[in-house]
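Colleague: what would the 3D arrangement of this be:
(chains A and B)
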There are 2 protein chains.
Amino acid sequence: MTTPTPSGTSFAGIDLSGPVIQIAVIDQDGTVIGRHDAPKQSERIVQQLSELTNRLHADNQDIAAIGIAISGLVNRHIDRVVSSRDLPTSVSEDLHAEVTKATGLRVELENDANAAAYGEFKAGAGRHTQDMFYITIGQGIGGALILDGRLWTGATGFAGEVGHITIDTEGVECICGNTGCLETVASAPNIVRRAKDRLYRDNTSSLSRLAMNREFTAADMAHEARNGDDFSLMMIERTGKYIGTAVASVINLLNVERIVLGGGVMDAGELILNPIIAEVKRRAFQPCFEAAEIVAAELGGDAVRLGAAMLARDSLS
Amino acid sequence: MTTPTPSGTSFAGIDLSGPVIQIAVIDQDGTVIGRHDAPKQSERIVQQLSELTNRLHADNQDIAAIGIAISGLVNRHIDRVVSSRDLPTSVSEDLHAEVTKATGLRVELENDANAAAYGEFKAGAGRHTQDMFYITIGQGIGGALILDGRLWTGATGFAGEVGHITIDTEGVECICGNTGCLETVASAPNIVRRAKDRLYRDNTSSLSRLAMNREFTAADMAHEARNGDDFSLMMIERTGKYIGTAVASVINLLNVERIVLGGGVMDAGELILNPIIAEVKRRAFQPCFEAAEIVAAELGGDAVRLGAAMLARDSLS
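Modeller: Model (predicted):
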């Protein structure tokens, strides 16, 4: 909390999707002038955000607007959180109105995947495009659309739910109520579930030895695959095929210029990106495939807070 | 070819997707002032369209612009037909430039599903919305998006290919090169194929008796279902489930206000519309489902030519 903005105007982006509140402060040009973390106090989040804003003001960061990103369903048309596991419902449902009242600032409330997409679009892997689709693959799978240079949130703000498109009509049950969603096979917990289901057949896998000592994660699988474990590699490649199937459908439906893939599962790098691209090539219309670059996200865990800050900035322009 | 437009300005919409050229002439308000059909002369289509336009002029219909709709892939950014089975490639690839030269008029060239969607949006089942997805289910399955009141054709003009989103990763081969596309189970020829594959198990079906005398069609199946044939009804209901699976994915991705379903297969009416809606309800996010009306198209076979005419009109405004 040091440099005041030259223009006297800055914008705070706040990521509420994890156990720690992550804040970025940017100036009018999008330059990051501060990053701050604070343990989330879910029950008194409004007061906490008000205090954090006051501290920024006290540090001569003249905040003009706040962007808040939260996971779950956010209805932008009425600025209300419809459902989110990040905060108690009693707190989240009036978040926009309460933070506006408490801070006296303009508040932009947005779904975390939408915020991250906007961050990548403005400052990451989506730069120099007009149309992109962003997918984040981690504990869950989210997505967002940029069309004609603007965030497309749909009729009521829920667009982009690529994790819940059906890729297998007879697939397993999803928490969303559907069966065979992409998320049921390709989110981090589901990659682990699939691996556990099959590991007994491959007891030569280095993952078997790991599993004897502790629970393993999708990140462990990427690590073992990189170290030459065939079973882990196969499971990651299959995951790539599932994701590629969904991306092919997105490309056929939307004919976007760029697909940006982020989230923890993409930390596996080319191990997963290459099978995704190969599957899209097999499934999508050739001219739709050729029109779309498929790339890894660039901003990592910063994407949500940066995007939220940029949404706040651009809401005033 | 009777009434001249009061304003002296009218617009021709030309549907080249069938064996017969279908033309509609509208005035500035969208009122239809003429409908004309002519057998398509594929090899000399440019000359034919030029002659047809001259006849309209001679009838005091002062055509200001022409909209041409063709099936297949049309790249709007460079106004070229990338692939179409409606015309020989040598004729179709330069269609826009040649018709522009031959007529001296502004020409809008568009995919037939996009044109039909625009027609439904302006004058049919999509009126009073800002965001809709149109699906036409007939010999093939096409689709198109209206977002923020405009036709969204994608980065290179191919958006909307809902017939080729994957609903079954292990499904049958599709002409597009993919496997398990919606079209492989829900287009009219594929409904018939599925019925034939299973009919031997249900030799009490009235369709069995029909099949002994001649090839049957998807329309025959709707007719038999309406007359109480359980087998035909079941096949149509299953088709509705497949379509509903794809519609649920569209709704989750795009959160549109309205889904408009047209094409010959939808002539089965509620027999197919109800199972579609039921499947979308089972699969889509509840708030996305609640935000979207799912309705039958209203313009029938007129949608393409009317939409093409309206695209021509609106290109000048």
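
Colleague: now tell me what touches the helix-or-strand element of chain A with minimal mean pLDDT from outside.
Modeller: Ranking every helix and strand in chain A by mean pLDDT, DSSP states H and E puts strand A:73-75 at the bottom, with a mean of 87. Contact partners of strand A:73-75, identified using Cβ atoms under 8 Å, 6 or more residues apart in numbering or on different chains, comprise A:80-84, A:109-111, A:114, A:156-158, B:285, B:287. In this view, the C-beta of every residue, glycine as well, is placed from N, C-alpha and C.

Colleague: need those residues in a markdown table (columns: distance to B:E120 and pLDDT).
Modeller: Conversion of the contacts of strand A:73-75 to a markdown table gives the following (distance: Cβ to Cβ, whole Å; pLDDT from 0 to 100):
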| residue | distance to B:E120 | pLDDT |
| --- | --- | --- |
| A:R80 | 31 | 90 |
| A:V81 | 34 | 92 |
| A:V82 | 29 | 88 |
| A:S83 | 32 | 87 |
| A:S84 | 36 | 90 |
| A:L109 | 34 | 96 |
| A:E110 | 31 | 95 |
| A:N111 | 30 | 93 |
| A:N114 | 29 | 96 |
| A:T156 | 22 | 89 |
| A:G157 | 25 | 88 |
| A:F158 | 23 | 90 |
| B:F285 | 25 | 91 |
| B:P287 | 25 | 90 |
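
Colleague: which residue ranges of chain A form helices?
Modeller: A:45-58, A:89-92, A:95-103, A:112-123, A:183-186, A:188-199, A:206-213, A:218-226, A:230-254, A:270-283, A:286-291, A:303-315 (DSSP state H).

Colleague: the last one: which residues count as buried?
Modeller: Pointing back at helix A:303-315 there. Neighbour counts using 16 or more other Cβ atoms under 10 Å in any protein chain shown place A:303-314 of helix A:303-315 among the buried residues.

Colleague: cool, and the second one?
Modeller: Buried residues in helix A:89-92, counting neighbours by 16+ other Cβ under 10 Å, are found at A:91-92.

Colleague: run the contact check for that helix versus chain B.
Modeller: No. Counting by Cβ under 8 Å from any Cβ of the partner chain, chain B is not contacted by helix A:89-92; separation bottoms out at 14.6 Å.

Colleague: nearest spatial neighbour of the residue of the stretch 201-317 of chain A found nearest chain B, skipping sequence neighbours?
Modeller: Distances between the stretch 201-317 of chain A and chain B by Cβ to the nearest Cβ are smallest at A:N255, namely 2.6 Å. The spatially closest residue to A:N255, leaving aside those adjacent along the chain, is B:G154, at 2.6 Å (Cβ to Cβ, 6 or more residues apart in numbering or on different chains).

Colleague: go on, A:L56?
Modeller: Closest residue to A:L56 apart from its sequence neighbours, by Cβ to Cβ, 6+ apart: A:I63 at 5.4 Å.

Colleague: bridge partners for that neighbour, pull those for me.
Modeller: The residues paired with A:I63 through beta bridges, assigned by DSSP bridges, are A:S10.

Colleague: ok, it touching A:I23?
Modeller: No. Proximity of A:I63 to A:I23 does not meet the contact threshold set by Cβ atoms under 8 Å, at 10.4 Å.

Colleague: got any residues that touch both of the two?
Modeller: Shared contacts of A:I63 and A:I23 (Cβ under 8 Å, 6+ apart): A:A12.

Colleague: might you report the residue contacts of A:E43?
Modeller: When contacts are counted by Cβ under 8 Å, 6+ apart, A:E43 touches A:88, A:91.

Colleague: from A:S90, how far out is it?
Modeller: A:E43 sits 9 Å away from A:S90, taking Cβ to Cβ, to the nearest Å as the criterion.

Colleague: do the same with A:Q41
Modeller: Summarising the geometry, the distance separating A:Q41 from A:S90, computed by Cβ to Cβ, is 14 Å.

Colleague: ok, now A:S10?
Modeller: 31 Å.

Colleague: one more: A:I165?
Modeller: Applying Cβ to Cβ, the value for A:I165 to A:S90 is 32 Å.

Colleague: one more: A:I33?
Modeller: The value you get for A:I33 to A:S90, if Cβ to Cβ is used, is 34 Å.

Colleague: what about the closest residue to A:V192 other than its chain neighbours, neighbour count?
Modeller: With Cβ to Cβ, 6+ apart as the measure, A:A218 is the residue that lies nearest to A:V192, at 5.9 Å, once sequence neighbours are left out. In terms of burial, A:A218 registers 27 neighbours under the definition other Cβ atoms under 10 Å in any protein chain shown.
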